[in-house]
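Novice: Here is my input, please return the structure:
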Amino acid sequence: MTVFPLKYDGTNTIQDMTASELDRLAYYTQVAYAANANGGGNGYVFVGSGATTIGSASDTSATQQTNQTQRIINNGVIEGYPAYPGIGTETDTTYSYQQDRSTPGLVSSSTFNSHGMLFYDSANDHLEPMATEAQVAAVITNRCITAMRTGNEVGSYRVSASTPSSGGAGTWVDKGTFFTDTLYSGTAATYKLWLKTALDTVPGSDVFPLGLEDDGGGTLTTNIQQRDITNTGGLVQNVTLPALLRKMQAGLYYTVATSVSGENRGAFTDTKLSGTTNSQAFEGGFYRAISTPSGSASTITTYYLNMIA
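Specialist: Below you'll find the model as predicted:
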């Protein structure tokens, strides 16, 4: 059974918080997750090595090729130009993509008591702290994951050549080059990784869940106080954020693949020039037949950043 945190309604009454009254706490938990990832912590997606490999992509390009024969007289016949070789292909760069999928330890009972939220235990007719991550997941964690995947997207990544605009107006942080598609002609298209760290307008309203009061020396009392719900407060940093990080596998894992799986968070393409311009040259006693890439670019491979469950 889902239990909801308690609030003080301002008229000497303690009530269950409603689902909508948890919107701001969930949002600040996402902001904390984003700050953690932005600093290279749990959930961080990057190009390189040292964490869990989530895929790779190769930038290829067409290359100029040459066939040649030496100018000699063979039984009185002067050797001519060889056949055109056609253009070639080379791999310029291979990108390895990583995600830090490490998780913090289980939220302890003492942490739930000192930083967590109270609920009303109707079966025993008393107040007690939420004591499991499952209880937190039912009211906060699952809400965060849904918002990150298909809602405001705060705390999630996208790949794009320009700043994304999805999920409502907010701040997208440029996390650097994710893939560069280069052509023989010297032109290049750069795709960047973006992390959404905040919304322009904070959703919900300030409704503060209740928790047990600390006496200032680390000992809990039977007094009740309102919890700070901001992303730097004890409730988020010690309870809701760790609970979210420990549930990354439920929808916050990423992969890079050549097909869409889960939520598509952006596509990028490897292209190369598909046309051929043939020419001939006589240099240094050699007949040369030259095939040079030309024309327009054709897509070789399309890659997708996927947010998987």
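
Novice: Look at residue 135 and give its secondary structure.
Specialist: Here residue 135 is recorded as helix under DSSP: H, G, I helix; E, B strand; the rest coil.

Novice: so who does it touch?
Specialist: Counting by C-beta atoms under 8 Å, 6 or more residues apart in numbering, residue 135 touches 3, 119. For every residue, glycine as well, the C-beta is placed using N, CA and C.

Novice: Distance-wise, check it relative to residue 14.
Specialist: For residue 135, the distance to residue 14 equals 18 Å [C-beta to C-beta, to the nearest Å].

Novice: swap in residue 116?
Specialist: 16 Å.

Novice: Tell me where the model's unsure across this structure.
Specialist: For the chain, the stretches flagged by pLDDT under 70 are 73-76, 218.

Novice: If we use 80, what do you get?
Specialist: Within the chain, the segments meeting pLDDT under 80 span 1, 72-79, 215-220.

Novice: other SSEs contacting the longest helix along it?
Specialist: Counting residues, the longest helix found in the chain (DSSP state H) is helix 23-38. The contact analysis (3 or more C-beta pairs under 8 Å, 6 or more residues apart in numbering; DSSP states H and E) places helix 23-38 against helix 142-150, strand 188-199, helix 241-245.

Novice: Strands along the stretch 201-309 of the chain, start to end?
Specialist: For the stretch 201-309 of the chain, applying DSSP state E, counting those that start in this stretch gives strands covering 210-214, 220-226, 253-257, 263-283, 286-308.

Novice: Partner strands of the last one, with direction?
Specialist: Pointing back at strand 286-308 there. strand 65-70 (antiparallel), strand 253-257 (antiparallel), strand 263-283 (antiparallel) (DSSP bridges).

Novice: Please identify the most buried of these.
Specialist: Compared across these, strand 253-257 shows the largest average neighbour count, a mean of 19 (mean count of other C-beta atoms under 10 Å).

Novice: Can you pull out the residues in contact with that strand?
Specialist: With C-beta under 8 Å, 6+ apart, strand 253-257 has contacts from 45, 54-57, 97, 99, 101, 157, 261, 265, 303-309.

Novice: for that strand, the distance to its chain's centre please.
Specialist: Strand 253-257 sits 9 Å away from the centroid of its parent chain (C-alpha atoms, centre = their mean, to the nearest Å).

Novice: go on, stretch 68-88?
Specialist: So, by C-alpha atoms, centre = their mean, the centroid of stretch 68-88 is 55 Å from its chain's centroid.

Novice: Now do it: distance from first to last residue.
Specialist: Taking C-alpha to C-alpha, to the nearest Å, the first and last residues of stretch 68-88 lie 16 Å apart.

Novice: how close does the nearest residue to residue 247 once chain neighbours are set aside get to residue 110?
Specialist: Closest residue in space to residue 247, ignoring its immediate chain neighbours: residue 141 at 5.4 Å, by C-beta to C-beta, 6 or more residues apart in numbering. When distance is defined by C-beta to C-beta, residue 141 is 20 Å away from residue 110.
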